[in-house]
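> structure, please.
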Amino acid sequence: MNPSHYALALAPGLATWLVPLALRYRRGAWSVAGAAVTLVLLLAAWLGTGRGAFGPEDFAVLGRPALLFLLPGILTCAVAYRDRRPATLATLFSLVALAAAAFGAGWASWLAFAVFAAFAALRAFVPPPPTVDERDATAARNRTRRARSIVRKLVREGRFHWIPVYFLLRLSHLGREGIERSGSYRFADHIYRNVPSGRGVLGRFIDARLLALPASRAFRQRYKRAQAALRASLEAHPGDEPLNVLAIPCGIPRDLAELAATLRREDPALLARVHYHGMDIDPELLQLAEEFTRGCGVARRDFLAGNALAAADYPKRGMHAVVSTGLGEFLDDADLLAFYRNVHAALRPGGIFYTSATRRDARSEAFLNAFELHARYRTADEMARILGRMPWSRVTLTPDETGLQTFVVAVK
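Residues are numbered from 1 along each chain as shown. The predicted model follows:
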């Protein structure tokens, strides 16, 4: 086997292992694939040469497609240049020299590759500066997106196969909203509304497939269950006193609007007693929520800016019902416990608290984590332990049909 054949065989493994090693990035699945292709090419060359199975031309035809593994290495160098990684140029020149050797440039290219690769390995020990395009984690609230560029993040992690998926998902309105503003009220409301939309026919097709996923169906059920729990709470208080309802965070109150439409037909007297309090940390959302519910039939509606973890921000009057979906998935156990204690204190005796939790699904989690849609997952038992820290008179936990959501009704 001549020197160019060695370069062809070694290029996939070196491009996917040497580059992230020198630049101090993660080695993803492509590193394993590159090493496997290198091993196969070396074995093929050794076995083929020994038995005369194929000549140099055959090996070139077999090996040159493997040079495509140089592309992830070059893309990683481009990101590293933006990140000001010390070994970037040396690593890039080593790849160029290796490609030249693969195309028969001779021993000079091998020597250049060895020099630049050694220099890159030495420079890799110089501490790199902080990555420059990461956002301040404290500014994101319930939005788990941190990197300004998902593509650069995927390159740093060696997840090159997710890059085309990323651009396809952005054609879908649900995918784009989830990637850009994970956990946003628009993301949740798009699932609740369940009307596919996107850029062009392909975008709408992808959006429809996303809305039809089991995780989306389970997500949608939680707001339907919220309506049922809210109505049960209201009907449990006969008389004509005002019924105080708190939604925190309120998001776009689609559940309230739909319940009001039902009560307008079936029980107008009960609807007239509802006093709705929508609380959220986002002033822009509060204005949108007020406009969305205007004319829904609930005469008394208050929207207030407040933090769910700050007891002083809660309305002072006792609540007959508190509804909260979508917040617990962004809180750790300590904050979730503090939140539930605030809710318990805000309820009057006999008041109902409705909430939900999402169970971990390994395949969904791997997909979501690639695009920084991180959530905190909890089983029904874990929810029961946290809720058990407060003196509820009754707690009911019901899994949905997919098993991905747990619906919780707790009575004070």
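
> do me a favour and average the pLDDT over the helix or strand where residue 244 lies.
In this structure, residue 244 sits in strand 243-247 according to DSSP states H and E. Across strand 243-247, the average pLDDT comes to 94.

> residues touching that strand, excluding its own?
For strand 243-247, contacts defined as Cβ atoms under 8 Å, 6 or more residues apart in numbering pick out 230, 233-234, 237, 253, 255-256, 270, 273-279, 314-315, 317-324, 346. Glycine gets a C-beta too; all of them are placed from N, C-alpha and C.

> now the residues you listed: which count as buried?
230, 233-234, 237, 253, 255-256, 273-279, 314-315, 319-324, 346 (16 or more other Cβ atoms under 10 Å).

> so which of those residues are in helices?
230, 233-234, 255-256, 273, 346 (DSSP state H).

> and of those residues, the nearest to residue 361?
Nearest to residue 361, judged by Cβ to Cβ, of those is residue 255 at 24.3 Å.

> residues in contact with the closest one?
Applying Cβ under 8 Å, 6+ apart, we find residue 255 in contact with 192, 223-224, 226-227, 230, 247, 323.

> okay, who's weakest in those by pLDDT?
residue 223 (84).

> so that one touches residue 254, yeah?
Yes: if you go by Cβ atoms under 8 Å, residue 223 and residue 254 touch, sitting 6.6 Å apart.

> more neighbours: which of these two?
Higher neighbour count among residue 223 and residue 254: residue 223, with 21 against 18, using other Cβ atoms under 10 Å.

> report whether the more buried one is found in a strand, as I expect.
No: Residue 223 is assigned helix when assessed by DSSP: H, G, I helix; E, B strand; the rest coil, not a strand.

> residues contacting it?
When the contact criterion is Cβ under 8 Å, 6+ apart, the partners of residue 223 are 192, 254-255, 325.

> what's the closest of these to residue 283?
Once Cβ to Cβ is applied, the member of those that ends up nearest residue 283 is residue 254, at 19.7 Å.

> hmm, the closest one is touching residue 192, no?
Yes: when contacts are counted by Cβ under 8 Å, residue 254 is listed as touching residue 192 (5.2 Å).

> give me the domain ranges for this structure.
Using automatic domain parsing, the domain parsing of the chain gives 3-123, 137-211, 220-411.

> what's the spacing between residue 114 and residue 268?
Using Cβ to Cβ, to the nearest Å, residue 114 is found at 84 Å from residue 268.

> quick revisit: thinking in terms of the whole chain, how far from its middle is the strand holding residue 244?
With Cα atoms, centre = their mean, to the nearest Å as the basis, strand 243-247 stands 31 Å off its chain's centre.

> do the same with stretch 79-98
The chain centroid and the centroid of stretch 79-98 are separated by 30 Å under Cα atoms, centre = their mean.

> buried stuff in it?
Buried residues in stretch 79-98 (16+ other Cβ under 10 Å): 79-80, 83, 85-98.

> give me the residues contacting that stretch.
Contacts of stretch 79-98 (Cβ under 8 Å, 6+ apart): 7, 10-11, 14-15, 18-19, 22-25, 70, 73-74, 77, 109-110, 112-113, 116-117, 119-121, 123-124, 126, 128-129, 131-133, 152, 155-156.

> relative to residue 369, how far out is the residue nearest to residue 158 when sequence neighbours are not counted?
Distances taken as Cβ to Cβ, 6 or more residues apart in numbering put residue 28 closest to residue 158, at 2.5 Å, once the chain neighbours are dropped. According to Cβ to Cβ, residue 28 stands 13 Å off from residue 369.

> have a look at those two and say which one is more surrounded.
A direct count of neighbours by other Cβ under 10 Å for residue 28 and residue 369 places residue 28 higher, at 20 against 14.

> for that one, grab phi and psi.
Backbone geometry at residue 28, expressed as degrees, to the nearest 10, gives phi -90, psi -160.

> which element follows the helix or strand of the chain with the lowest mean pLDDT toward the C-terminus?
The weakest-scoring helix or strand in the chain, judged by mean pLDDT, DSSP states H and E, is helix 56-63 (a mean of 62). Using DSSP H and E, the helix or strand that follows helix 56-63 in sequence is helix 70-82.

> what is the mean pLDDT for that following helix?
The model assigns helix 70-82 a mean pLDDT of 90.

> and the next helix or strand along the chain from it with helix 70-82, angle?
As assigned by DSSP H and E, the chain's next helix or strand after helix 70-82 is helix 88-102. Using axes from the mean of the first three to the mean of the last three Cα atoms, to 10 degrees, the direction of helix 88-102 lies 160 degrees away from that of helix 70-82.

> confidence score at residue 342?
96.

> and what of residue 240?
Reported pLDDT for residue 240: 82.

> also residue 24?
Value for residue 24, per-residue pLDDT: 85.

> neighbours of it, how many?
Around residue 24 there are 17 residues (other Cβ under 10 Å).

> what about it, distance to residue 32?
19 Å.

> which among the contacts of stretch 79-98 end up buried?
7, 10-11, 14-15, 18-19, 22-25, 70, 73, 77, 109-110, 112-113, 116-117, 119-121, 123-124, 128, 152, 155-156.

> cross the residues you listed against strands and list the overlap.
Among those, no member is found in strands (DSSP state E).

> mind checking which of the residues you listed land in helices?
Reading helices off the buried ones among the contacts of stretch 79-98 with DSSP H, I get 7, 10-11, 14-15, 18-19, 22-23, 70, 73, 77, 109-110, 112-113, 116-117, 119-121, 123, 152, 155-156.

> give the contact list for the residue nearest to residue 158.
Residue 28 neighbours (Cβ under 8 Å, 6+ apart): 157-160.

> ok, and the closest non-adjacent residue to residue 119?
residue 90 (4.4 Å).

> quick one: low-confidence ranges for this structure?
Filtered on pLDDT under 70, the chain yields the residue ranges 1-3, 45, 47-63, 123-124, 128-145, 183.

> hmm, 80 instead?
Residues of the chain that meet the criterion pLDDT under 80 lie in 1-8, 43-67, 102-110, 112-113, 116-117, 119-148, 181-184, 361-374.

> relative to residue 264, how far out is residue 380?
Residue 380 is 35 Å from residue 264, by Cβ to Cβ.

> residue 275 now?
Distance from residue 275 to residue 264, by Cβ to Cβ: 16 Å.
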